[in-house]
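[1] what's the 3D shape of this:
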Amino acid sequence: MAEIVSLADGVARLVHDGDTVALEGFTHLIPVAAGQEIIRQGRRGLTLVRMTPDIVYDQLIGAGCASKLIFSWGGNPGVGSLHRFRDAVQHGWPVPLEIEEHSHAGMANRYVAGASGLPFAVLRGYSGTDLAKHTATIKPITCPFTGEQLTAVPALNPDVTIVHAQRADREGNVQLWGIAGVQKEAVLAAKRSLVTVEEVVDELEPRPGALVLPSWAVTAVAEVPSGAKPSYAAGYYDRDNAAYQAWDAVSRDREEFGKWLAEVAA
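    Residues are numbered from 1 along each chain as shown. Have a look, this model is predicted:
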């Protein structure tokens, strides 16, 4: 059964230097508070995984937490580039960053393979691209039944996956609704998992279309109200577009970023 913990204790116990860490969430329910707690605790040498890294990954990279990024798209959605990410790749600041780039379909299928206990996934999604020339974890494979040339990608099994959701009950069952990306698959693929939630309630109310992560599939749950801001949490708060716009100016300048980092770490 998942244990109810504080955010600080959850990160301290589950996220270690050198771990492969996935913080997943697509458009909304992005675990921003958890990412900033990783920064406060000074984790180093992380391999960060996410289909669509946005500003929380920019923050983690700029803080020197990451040595590698596995992803399929990166940017400040609706605004532009991730400047701390660019600085790390182009100039090695604050530390060099290795990148491993896939397609969205490739990343999703890697999580599915990991969650299914399979060593790799097979798909057609890389046909016509040159990603295989630049990414060692994309390999051609021949279908043994039809002879068709396909592509194989290895399973993703993070050391720890962190996601945000709306609710959990006191036994650690998690309820999530709205746009669901690969949160379920990423949690099931991971060795350990931390779910931050808007609130812990006595009983989960039935909700059409809601995704439930059962307590047995989750290591720990932390109650973190507003834990996804500035992204949104359906049913709780809207996306803070101004915060995404403001981040662009902060992230462009190392000195301004340093001021932001000092405030977060305080």
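[2] ok, residue 107 to residue 5 distance?
    Separation of residue 107 from residue 5 (Cβ to Cβ, to the nearest Å): 28 Å. From N, CA and C alone the C-beta is placed, and that goes for glycine too.
[3] of those two, which one has the most company?
    Neighbours around residue 107 and residue 5, counted as other Cβ atoms under 10 Å, are more numerous at residue 107. The numbers are 29 against 19.
[4] report all helices and strands that the helix or strand hosting that one contacts.
    Here residue 107, judged by DSSP states H and E, is contained in helix 104-116. On a contact count with 3 or more Cβ pairs under 8 Å, 6 or more residues apart in numbering; DSSP states H and E, helix 104-116 meets strand 120-123, strand 149-154, helix 183-189.
[5] out of the ones you listed, flag the one nearest residue 102.
    Minimum separation from residue 102 across the helices and strands packed on helix 104-116 (Cβ to Cβ) falls at strand 149-154, 6.7 Å.
[6] what's that closest one packed up against?
    Here strand 149-154 touches helix 104-116, strand 120-123, strand 139-142, going by 3+ Cβ pairs under 8 Å, 6+ apart.
[7] in the helix or strand that the second one is followed by, which residues are buried?
    Stepping forward along the backbone from strand 120-123, the first helix or strand reached (DSSP H and E) is helix 131-134. Going by neighbour count (16 or more other Cβ atoms under 10 Å), the buried part of helix 131-134 is residue 131.
[8] name the residues that touch helix 131-134?
    With Cβ atoms under 8 Å, 6 or more residues apart in numbering as the test, helix 131-134 has contacts from 101, 102, 103, 106, 126, 138, 139, 140, 151.
[9] residue contacts, residue 243?
    Counting by Cβ under 8 Å, 6+ apart, residue 243 makes contact with 229, 230.
[10] name the SS class of it, please.
    helix (DSSP: H, G, I helix; E, B strand; the rest coil).
[11] re the thing from before, so for residue 258, which of the helices and strands packed on helix 104-116 sits nearest?
    Closest to residue 258 of the helices and strands packed on helix 104-116, according to Cβ to Cβ: helix 183-189, at 31.4 Å.
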